[in-house]
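A.B. asks: generate coordinates for the sequence data below:
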Amino acid sequence: MTDRSVVIVGGGPRGNGLLERLVANASEVLGELPVTIHVVEPFTPGAGRIWRHEQSPLLWANSQAEDMTMFTDASCRVTGPVVPGPTFLEWAGLPDAPDAGPGALDAERAAVHGMTFPTRRLLTEYLAWAFRRAVGQAPPNLTVRVHADRAVDVTDTPDGRQLVHLERGREPLVADAVLLAQGHLPTVPLGASARLARAAGEHGLTYLPEEYTADSDLSALAPGEPVLVRGAGLAFVDLMVLVTQGRGGRYTGDGDRLVYEPSGREPRLFVGSRRGVPYHSKITYRLTGPRAPHPRFLTPRAVDALLDGPPAALSFRDAVWPLLVKELAFGHYHELFAAHPGAVTTSWEAFEQALAAHAWGSPELVDAVAAAVPDPADRFDPDALDHPLRGLRLPDAGALQEHVTRYVEADLARRADPRHSADLGFFNALLAVFEPLGRILGSGRLAPASVARDVPWFVGFFSYVASGPPPRRLRELLALVRAGIVRFLGADVDVALRPADGGTPAAFVATSPTVPGTVTASALVEARVPRTSLTGTADPLLAALHARGAVSEAVLAGPDGEPALPTGRVLVTSDACRVVDARGVAHPARHALGAGTSTATAGAFSRPGTDAAFFRQNDEAARAVWRRLAALDTSLSLGEVPA
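C.D. replies: Numbers count the residues shown, from 1 in each chain. Below you'll find the model as predicted:
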């Protein structure tokens, strides 16, 4: 009998989840066929590169403890067995939960509660524990082997098997199926970033392109020197932490107003972005009223109606947004009316009827909202949320610092005040729309130009209002502003490279329409997560497959006469995520899941009780792998040659 094997390339959360589903489905689909599962991961098995233990203990997860799980639960519509396991919060409370060493993380784990933002290294331990749990639950016919290495290529053998070539391994791993789960991939600078990188090198300037901040070489940012930063989201928060506390500075004070005591080794960060303000703080209270019954407007029937038509014909703004924004408003106002009856002047039934009857933004709906919700602070206004500095012209940089400081202070106060729990209703609505949006995006009905323009806008809007930093980080940011370590540049920041001219050295120059003047610096940091790019990937395995045409990029076909739109993502099939090559043929033995693929789902972790697509994708791929191996074994036993 041929020894059967499966290789999972990447042992981060996605590879971890695939292993769990392979184990869970083995007895039902595979039977007693002996199989070795190889997991190729150079970092901690189960955690991977992004969640590796070997990063600063100052870096936190951006999700609360109660919102993370690696295990299926009763909400999950998987075909295979549901095998419940502890959420991160439950795991942290286990008396025998292991840590990185004797007592190393005991204090952190003991302090965890539902709304804790744990350190990334504590998440490493949960992920590693979940991985070991899956290995321990494997039936006797499954053997799991971990290779602390990096896969650099996958090739076919004449008999239809796969060879997974390792960076340091002398012999490739032989496999009957390969699951690519590398997660967020490093990229090389492309386009404008590549041009800036080359120009910076030619002029002796420092340029740090988009990348995971923990991977950046921040030693080039000199103490006391100005550094321009493009991006005010989570990558900026990591940068801020690493060049302040990470260089020996510390905060004093326990209340809302922290004081930063510099070490003297900090650079001076001048931060700007499209909006000109940092992401909104995470909300630190719970719903006061009952959870809204989503979906109300973006229903399966409404989505079916949108998808009933020719491909590449829909505009996101014209066809999808009117339903989507009403769903978000429904979540907001459902909580406002249920939890804060003193803030409204009419019944929920009457208001919901008006919301359903009138188009978003119509004079009729605007009037109905104004009559029912007297205080503008209680109204749902996504446009104002998205453009906090629109039209603002301030006299000088000092006025800008004061304005943004007041903005952040007001945001912190609102996100901690249950009086504004309608904001949490809006947040829950944002989570609820992702599944129907996934159907729409995967249908091919959206016009490529709309996908290129509008979908990234909505993803950015979601991140800005719903995926911001813990409130402590914004209080630290304000302390750094008061200490003169961080300064704001304004909205719609433009950065240009100014060559040396006579006695004037080369520099990066930043301008913003929010405030007059310029800021110059010899260093520029792109504090943004790199965009997925198959053509620009620094992953050697995907680069090798792409060079041979063994993987292809997902493109959005436009109407006749319009060019197709490349997405940067690896094209996979909707069923079991099989890799599609340049000829359009799906490989029977190669699957790719997670970030960077055409069926990517958001986030490394799934929220408990939400029937996350993460589990359904993993389950479908695992069952397809086991069906293939079982069929191969049957074919060979009958003397047949498998296709």
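A.B. asks: could you pull out the helices in the stretch 401-550 of the chain for me?
C.D. replies: Using DSSP state H, counting those that start in this stretch, the helices of the stretch 401-550 of the chain run over 422-432, 434-442, 448-466, 471-482, 540-548.
A.B. asks: any idea which of the ones you listed is most buried?
C.D. replies: When the helices of the stretch 401-550 of the chain are scored by mean count of other C-beta atoms under 10 Å, the highest mean neighbour count falls to helix 422-432 (a mean of 23). All C-beta atoms are positioned from the backbone trio N, CA, C, and that covers glycine.
A.B. asks: for the protein, give me the ranges with low pLDDT.
C.D. replies: 1-2, 97-104, 558-563, 601-604, 635-643 (pLDDT under 70).
A.B. asks: longest helix in it, please.
C.D. replies: In the chain, with assignment by DSSP state H, the single longest helix is helix 613-637.
A.B. asks: same for that one, what does it pack against?
C.D. replies: Where contact means 3 or more C-beta pairs under 8 Å, 6 or more residues apart in numbering; DSSP states H and E, helix 613-637 is packed against strand 4-9, helix 13-25, strand 177-180, strand 586-592.
A.B. asks: still on that earlier bit, among the helices of the stretch 401-550 of the chain, which comes closest to Leu94?
C.D. replies: Smallest distance to Leu94 across these (C-beta to C-beta): 25.9 Å, for helix 471-482.
A.B. asks: mind giving me the packing neighbours of that closest one?
C.D. replies: helix 234-242, strand 259-261, helix 397-415, strand 486-491.
A.B. asks: please repeat the previous calculation with a cut-off of 6 Å.
C.D. replies: The contact analysis (3 or more C-beta pairs under 6 Å, 6 or more residues apart in numbering; DSSP states H and E) places helix 471-482 against helix 397-415.
A.B. asks: contacting residues around the longest helix of the chain?
C.D. replies: 4, 6, 17-18, 21-22, 25, 29-30, 33, 72, 76, 78-80, 176-177, 576-577, 591, 593, 601, 606, 642 (C-beta atoms under 6 Å, 6 or more residues apart in numbering).
A.B. asks: cool, stretch 363-373 as well?
C.D. replies: Contacts of stretch 363-373 (C-beta under 6 Å, 6+ apart): Val344, Thr345, Thr346, Phe351, Ala354, His358, Arg379.
A.B. asks: only the C-alpha atoms, please, for that stretch, written as CSV.
C.D. replies: Backbone C-alpha positions of stretch 363-373 (Å, rounded to 0.1, in the frame of the first residue of the first chain) are rendered in CSV as follows:
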residue,chain,number,x,y,z
PRO,A,363,-35.6,64.4,1.9
GLU,A,364,-38.4,62.3,3.3
LEU,A,365,-36.1,60.0,5.3
VAL,A,366,-33.9,63.0,6.4
ASP,A,367,-37.0,64.7,7.7
ALA,A,368,-38.3,61.5,9.4
VAL,A,369,-34.9,61.0,11.2
ALA,A,370,-34.8,64.7,12.3
ALA,A,371,-38.3,64.5,13.7
ALA,A,372,-37.8,61.2,15.5
VAL,A,373,-34.2,61.8,16.8
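A.B. asks: which positions within it qualify as buried?
C.D. replies: Leu365, Ala368, Val369, Ala372, Val373 (16 or more other C-beta atoms under 10 Å).
A.B. asks: do stretch 499-517 as well
C.D. replies: Ala506, Ala507, Phe508, Ala510, Thr511, Ser512, Thr514, Val515.
A.B. asks: state the pair within the residues you listed that is farthest apart.
C.D. replies: Ala506 and Thr514 (25.6 Å).
A.B. asks: show the end-to-end separation of stretch 128-146, please.
C.D. replies: 12 Å (C-alpha to C-alpha, to the nearest Å).
A.B. asks: renumber starting at 16 from here on
C.D. replies: Renumbered: residue one is now 16, and that last one reads stretch 143-161.
A.B. asks: give me the buried subset of the contacts of helix 628-652.
C.D. replies: By 16+ other C-beta under 10 Å, these give 19, 21, 32-33, 36-37, 40, 44-45, 48, 87, 91, 93, 95, 191-192, 591-592, 606, 608, 616, 621 as buried.
A.B. asks: quick one on the thing from earlier: now the helices and strands packed on helix 628-652 as TSV including distance to Thr582?
C.D. replies: As requested, those are exported to TSV (distance: least, C-beta to C-beta, whole Å):
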stretch	distance to Thr582
strand 19-24	21
helix 28-40	19
strand 192-195	17
strand 601-607	14
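A.B. asks: next one: stretch 120-137 to chain centre, how far?
C.D. replies: 21 Å (C-alpha atoms, centre = their mean, to the nearest Å).
A.B. asks: what's in contact with that stretch?
C.D. replies: With contacts defined as C-beta under 6 Å, 6+ apart, stretch 120-137 is touched by 68, 72, 74-76, 79-81, 104, 107, 114, 299, 485.
A.B. asks: so which of the residues you listed comes closest to Ile455?
C.D. replies: Nearest to Ile455 among the contacts of stretch 120-137, counting by C-beta to C-beta, is Gln79 at 28.6 Å.
A.B. asks: please name the nearest non-neighbouring residue to Gly198.
C.D. replies: Closest residue in space to Gly198, ignoring its immediate chain neighbours: Gly27 at 4.4 Å, by C-beta to C-beta, 6 or more residues apart in numbering.
A.B. asks: so which of the helices and strands packed on helix 628-652 gets nearest Arg64?
C.D. replies: That would be helix 28-40 among the helices and strands packed on helix 628-652, by C-beta to C-beta, at 11.0 Å.
A.B. asks: report the angle between the axes of the closest one and strand 601-607?
C.D. replies: 110 degrees (axes from the mean of the first three to the mean of the last three C-alpha atoms, to 10 degrees).
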